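>>> Just a sequence and a predicted model for now, questions to come.
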Amino acid sequence: MPEFFPDVPKIPFEGPSSKNPLAFRQYNPDEQIEGQRMEDLLRFSVCYWHTFRGTGVDPFGAPTLIRPWDDGSDTVENALKRVDVAFEFISKLGAPFYCFHDRDVAPEGATHKASNENLDRITEKLLEKQTQTGIKLLWGTANLFSHPRYMHGAATSCNADVFAFAAAQVKKAIEVTHLLGGENYVFWGGREGYHNLYNTDMQRELDHLACFMHMAHDHAKSIGFTGQFLFEPKPKEPTKHQYDFDAAACINFLRAHGLEEVVKLNIETNHATLAGHSMMHELEYARIQGFLGSIDANTGDLLLGWDTDQFPTDIYLTTQIMLVLLKQGGLGSGGTNFDAKVRRESTEPVDLFHAHIGGMDAFARGAKIAARIRQDGVLDDLVKERYSSYDSGIGAQIEEGAVGFAELEQYILDKGEAAPNSSGRQEYIENLINDYL
Ligand code: XUL
Ligand code: CO
């Protein structure tokens with residue numbers, strides 16, 4: 001079997017003093033963090049779409065990325081070869097998982113039947129490679145946005161035939177995910193949103209989306225697929241308004257349509273920032289309500305307003321993410337999927353390794369920092385102290401539901417004025433965090 005990355009060995013852990021660009025400085029799979037192996041806590045995943053299908057094309061220019069193994073055709077032969085490339089890459093990197101959309105791995109055919117046959121051929125090879133290498137499928141999904149039929153959306157399309165086509169496609173994608181032992185199945189809204197409310201029946205579109213997800217869940221159950229369903233928030237792009245805008249909108253949608261028991265969220269950094277939130281906010285909001293399922297690890301650019309899907313290298317960001325993930329005790333069946341692409345100027349195959357090594361090291365470092373912060377209890381102590389007025393007296397009575405407005409009015413009439421506020425100490429806390437970085 002020819003090697004596609006002949007100059008790259010299996011990436012070793014060499015520790016912080018290493019000068020080897022093809023080594024981990026921080027990510028050491030067996031190292032324990034809060035009683036879990038780093039590999040089991042972080043559950044890194046390589047995404048098929050950016051890493052093996054990205055070409056460097058952008059709205060202003062042609063492909064730039066050099067991928068010697070790829071003949072550029074959308075054929076089954078080329079797709080089969082890419083499977084070898086992908087598993088060599090993921091094995092050498094040492095990531096335990098990968099993720100894909102149906103159309104990333106296999107070409108769309110002239111009919112749904114032909115597409116399914118293509119997918120079956122590739123799935124067979126994916127399964128063989130998974131068995132050979134031990135690499136597992138974190139999640140599968142269906143591409144319901146690239147084909148022109150999905151121009152008005154898929155489950156929210158005004159065209160019922162398109163809804164039916166999308167259903168057929170997701171049925172197959174769930175079956176393939178099940179066959180490959182996928183641990184989750186993702187719904188990212190793609191074109192489920194609108195550009196213009198004058199021509200949109202929002203109520204009907206949202207009802208259709210809910211009906212679609214119920215059908216998906218019914219089918220998953222009927223074939224014995226027990227993987228976690230995940231809904232991925234994103235506020236805009238490609239539509240002006242995506243229905244899965246942010247964690248709050250998604251959770252509301254799921255609860256309003258009786259899907260809260262069967263769907264959690266897959267939260268992506270660049271989507272959080274597009275929605276005007278920090279990633280930490282989105283994670284914490286989802287976590288406190290029991291909806292934090294998995295993450296798409298990437299980052300946007302502070303100066304650009306679109307979904308740049310860059311690899312995460314900011315230690316503040318990864319520390320904040322890990323503070324929330326550790327509070328939850330990890331991601332369960334979820335993982336840390338690099339939904340990120342190398343810049344179109346990073347043209348060589350080896351750049352894919354630099355990108356993933358950097359992302360994995362940034363997360364490992366963030367995890368270690370977050371664990372130290374948690375071990376010292378500095379934030380816990382500060383937060384506990386800040387809310388201590390609710391631990392006894394009137395505060396405890398409020399939390400217990402033992403008082404109402406009348407009792408609280410009497411309390412204030414008797415007291416005259418509220419107790420003085422203490423300092424929020426924001427700058428002190430920010431300095432404290434810096435001490436750990
Ligand atoms: C798009 C995006 C998707 C989903 C899977 O912005 O994040 O790749 O992660 O469909
Ligand atoms: Co994503």
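Good, I have the coordinates. Ligands and ions are numbered 1, 2, ... in the order given.
>>> Please name the nearest non-neighbouring residue to Arg43.
Closest residue to Arg43 apart from its sequence neighbours, by Cβ to Cβ, 6 or more residues apart in numbering: Gly335 at 3.4 Å. For every residue, glycine as well, the C-beta is placed using N, CA and C.
>>> Does that neighbour touch Cys47 like I think?
No: counting by Cβ atoms under 8 Å, Gly335 sits too far from Cys47 to count as a contact (11.0 Å).
>>> which of those two has more neighbours?
Neighbours per residue (other Cβ atoms under 10 Å) separate Gly335 from Cys47, with Gly335 holding more: 29 against 26.
>>> how far away is the more buried one from Ser115?
Distance, Gly335 to Ser115, by Cβ to Cβ, to the nearest Å: 27 Å.
>>> before we move on, what about Ala249?
With Cβ to Cβ as the criterion, Ala249 and Ser115 are 31 Å apart.
>>> out of these two, which sits in the busier spot?
For Ala249 versus Ser115, the count of surrounding residues by other Cβ under 10 Å is larger for Ser115: 20 against 16.
>>> I'd assumed Thr156 was in contact with Val162.
No: using Cβ under 8 Å, Val162 is not in contact with Thr156; the gap is 9.5 Å.
>>> Dihedrals phi and psi, the residue nearest to Arg43?
Main-chain torsions, Gly335, degrees, to the nearest 10: phi -160, psi -170.
>>> confidence score at it?
Note for Gly335: predicted pLDDT of 98.
>>> and Phe100, what element?
Assigned by DSSP states H and E, Phe100 belongs to strand 97-101.
>>> one step back: what about Val162 and Thr156, which has more around it?
Between Val162 and Thr156, counted using other Cβ under 10 Å, the more crowded position is Thr156 (27 against 20).
>>> what about the closest residue in space to the more buried one that isn't next to it in sequence, distance to ligand 2?
Computed as Cβ to Cβ, 6+ apart, the closest residue to Thr156 that is not its neighbour in sequence is Glu205, at 3.9 Å. To ligand 2, Glu205 is 22 Å away according to Cβ to the ion, to the nearest Å.
>>> Does anything pack onto the one helix or strand Glu205 maps to? Which helices or strands?
Using DSSP H and E, Glu205 falls within helix 202-223. Packing partners of helix 202-223 (3 or more Cβ pairs under 8 Å, 6 or more residues apart in numbering; DSSP states H and E): helix 160-179, strand 184-188, strand 228-232, helix 247-256.
>>> does ligand 2 sit close to the very next helix or strand once past the third one?
Sequence order places strand 241-242 as the next helix or strand after strand 228-232, per DSSP H and E. No: under the criterion of Cβ under 5 Å from the ion, strand 241-242 makes no contact with ligand 2; the nearest approach is 12.1 Å.
>>> Could you confirm whether strand 241-242 reaches ligand 1?
No: using Cβ under 6 Å from any ligand atom, strand 241-242 stays clear of ligand 1, coming no nearer than 9.5 Å.
>>> Can you list the strands that that strand pairs with?
Using DSSP bridges, the strands paired with strand 241-242 are strand 193-194 (antiparallel).
>>> tell me the contacts of Ile270?
In this structure residue 270 is Asn, not Ile. Neighbouring residues of Asn270 by Cβ atoms under 8 Å, 6 or more residues apart in numbering: 298-300, 307-310.
>>> when you check ligand 1, which of the residues you listed turn up near it?
Contacts with ligand 1 within the contacts of Asn270, counted by Cβ under 6 Å from any ligand atom: Asp307.
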